[in-house]
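K.L.:
Model the following, please.
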Amino acid sequence: MSKLSLVESEYLTSYNRQRAKELKEKQGQSLQNHQAEADPKPFVDLVGQDSIEHIK
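P.N.:
From the prediction side, this is the model:
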């Protein structure tokens, strides 16, 4: 199984954090609109989860 490099995992972590922030703001704006559109940019799946444990 391939491991993500430190830089890649840092990038994905910050990317997911940014996406979560955007989604939260988007949800706040469209609370009255119950038909929320499907998210076009899904979260990046962190396949090398165990390789970033030492970052925390």
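K.L.:
so residue 4, which of the three states?
P.N.:
Counting by DSSP: H, G, I helix; E, B strand; the rest coil, the backbone at residue 4 sits in coil.
K.L.:
hang on, isn't it packed against residue 11?
P.N.:
No - taking CB atoms under 8 Å as the definition, residue 4 is not a contact partner of residue 11, at 9.1 Å. Backbone N, C-alpha and C define where each C-beta goes, glycine included.
K.L.:
Who has more neighbours out of the two?
P.N.:
residue 4 (17 against 13; other CB atoms under 10 Å).
K.L.:
So what does that one look like in phi/psi?
P.N.:
phi -80, psi 150 (degrees, to the nearest 10).
K.L.:
Ok, the one 3 residues further on next?
P.N.:
Here is the backbone geometry of residue 7 (degrees, to the nearest 10): phi -60, psi -40.
K.L.:
Which pLDDT does the model give it?
P.N.:
pLDDT recorded at residue 7 is 88.
K.L.:
Okay, it and residue 27: tell me how far apart.
P.N.:
According to CB to CB, to the nearest Å, residue 7 stands 30 Å off from residue 27.
K.L.:
Near residue 9, how many other residues are there?
P.N.:
Residues near residue 9, counting by other CB under 10 Å: 20.
K.L.:
Just the C-alphas of the helix or strand encompassing residue 22, formatted as CSV.
P.N.:
Element membership for residue 22, per DSSP states H and E: helix 6-29. Output of helix 6-29 as CSV, limited to C-alpha atoms (Å, rounded to 0.1, in the frame of the first residue of the first chain):
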residue,chain,number,x,y,z
LEU,A,6,3.9,14.6,4.2
VAL,A,7,3.3,17.4,1.8
GLU,A,8,0.4,15.5,0.1
SER,A,9,-1.3,14.6,3.4
GLU,A,10,-0.9,18.2,4.7
TYR,A,11,-2.5,19.5,1.5
LEU,A,12,-5.4,17.1,1.6
THR,A,13,-6.0,17.9,5.2
SER,A,14,-6.1,21.6,4.6
TYR,A,15,-8.2,21.1,1.5
ASN,A,16,-10.8,19.1,3.4
ARG,A,17,-10.8,21.7,6.1
GLN,A,18,-11.5,24.4,3.6
ARG,A,19,-14.2,22.3,1.9
ALA,A,20,-15.9,21.8,5.2
LYS,A,21,-15.8,25.5,5.9
GLU,A,22,-17.3,26.3,2.5
LEU,A,23,-20.0,23.6,2.9
LYS,A,24,-20.9,25.0,6.3
GLU,A,25,-21.3,28.5,4.9
LYS,A,26,-23.2,27.2,1.9
GLN,A,27,-25.6,25.2,4.2
GLY,A,28,-26.1,28.3,6.3
GLN,A,29,-27.1,30.3,3.3
